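A.B. asks: Dropping the sequence and predicted coords here.
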Amino acid sequence: MGYCSTQKGPWGLILVGVAALVILTACLLRDKPIACFVLMAAAAPVVALGFCFKTLTVRDEGDRLGIRFGPLPLFRKTIPYAAIRSVETGRSSLVDGWGIHYILWRGWTYNIWGYACVVLDVDGTTYRIGVPDPKALAEFLAGRKAPGRV
């Protein structure tokens, strides 16, 4: 039996909204072609990021856990089950933020919205993975860890 869960948040909509305001501003400045071009060029990557950070899907990929932001899947990560040392439910903090972040003393965070997460020790590196039901993911991963791992 596999695992698949998708976390949703407003960041994609917020980023597309910001890009829409930038595009509207560019249209208002159409008599200034350089400013219009610069604003349109700035809006394009913001729209792309909006589509990248609309959802976070965490799923079983056979011998590894797949983590993918989407629906435009430019940002993804896989974690081999054999590398997982420990699994526990937890909460991220405001310091961890949303999206993909690395904080030296806290490790990696993959999250779209909220603070509920699963905390993984993967060969000495900490990962906080946001999911709607962290208990379900923790139970799934506890059954998939390599034999002999704590």
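C.D. replies: Arrived safely, thanks for sending.

A.B. asks: From here on, just use CA atoms for contacts and neighbour counts.
C.D. replies: Fine.

A.B. asks: all helices of this structure, in order?
C.D. replies: For the chain, the helices defined by DSSP state H occupy 11-28, 33-52, 134-144.

A.B. asks: Of those helices, which is nearest Gly66?
C.D. replies: Closest of the helices of the chain to Gly66 is helix 134-144, at 12.0 Å (criterion: C-alpha to C-alpha).

A.B. asks: before we move on, the earlier item: so can I have a markdown table of the helices of the chain showing mean pLDDT?
C.D. replies: A markdown table is the format used below for the helices of the chain (pLDDT from 0 to 100):
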| stretch | mean pLDDT |
| --- | --- |
| helix 11-28 | 91 |
| helix 33-52 | 91 |
| helix 134-144 | 92 |
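
A.B. asks: where's Lys8 relative to Ala19, distance?
C.D. replies: 20 Å (C-alpha to C-alpha, to the nearest Å).

A.B. asks: Ok, Thr6 next?
C.D. replies: For Thr6, the distance to Ala19 (C-alpha to C-alpha) stands at 25 Å.

A.B. asks: Arg91 is nearest to which of the helices of the chain?
C.D. replies: helix 134-144 (9.4 Å).
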